[in-house]
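Trainee: structure for this input, please:
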Amino acid sequence: MEHQIPIDDMSPEQPKTGPAVHDNIPEPLREVGQKVSEAFNEFKESETWEKVLEARDKAKEYITENPVNSFFYALGAGVFLGFLLKRKK
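Mentor: Numbers count the residues shown, from 1 in each chain. Below you'll find the model as predicted:
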């Protein structure tokens, strides 16, 4: 017995770009988004961003050099967070 699956031959729509996309966004949300974007760009230019990137690189290096220890640290952190965030009935 053959099953037929209906297939809609719909061509994928091209994503909209340009100012027309932002026409549906309310003005207050647009302002908040712009402020958040500006704050993030300022943060990326700060010294703290460089420290974050260095910490990320050090963490990657440690994980590659010590995969077993990293696994058990992650497991322990997960169990600890599980107990902290456990819902009480």
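Trainee: ok, now how distant is the residue most central in space within the chain from residue 46?
Mentor: In the chain, the centroid-proximal residue (Cα atoms, centre = their mean) is residue 40; its distance is 14.3 Å. As judged by Cβ to Cβ, to the nearest Å, residue 40 and residue 46 stand 11 Å apart. From N, CA and C alone the C-beta is placed, and that goes for glycine too.
Trainee: over to residue 30?
Mentor: For residue 30, the distance to residue 46 (Cβ to Cβ) stands at 25 Å.
Trainee: what of residue 63?
Mentor: Relative to residue 46, residue 63 is positioned 26 Å away (Cβ to Cβ).
Trainee: go on, residue 70?
Mentor: From residue 70 across to residue 46, the span is 29 Å (Cβ to Cβ).
Trainee: looking at those two, which is more packed in?
Mentor: Neighbour count, other Cβ atoms under 10 Å: between residue 70 and residue 46, residue 70 has more, with 14 against 10.
Trainee: where's that one, which helix or strand?
Mentor: Secondary structure assignment for residue 70, by DSSP states H and E: helix 67-85.
Trainee: got the contact list for that helix?
Mentor: When contacts are defined by Cβ atoms under 8 Å, 6 or more residues apart in numbering, helix 67-85 is touched by residues 62, 63.
Trainee: tell me the mean pLDDT over that helix?
Mentor: Helix 67-85 shows a mean pLDDT of 95.
Trainee: next one: stretch 42-55
Mentor: In this model, stretch 42-55 has a mean pLDDT of 93.
Trainee: tell me the buried residues in the helix or strand hosting residue 33?
Mentor: Assessed by DSSP H and E, residue 33 sits inside helix 27-44. Buried residues in helix 27-44, counted by 16 or more other Cβ atoms under 10 Å: none are found.
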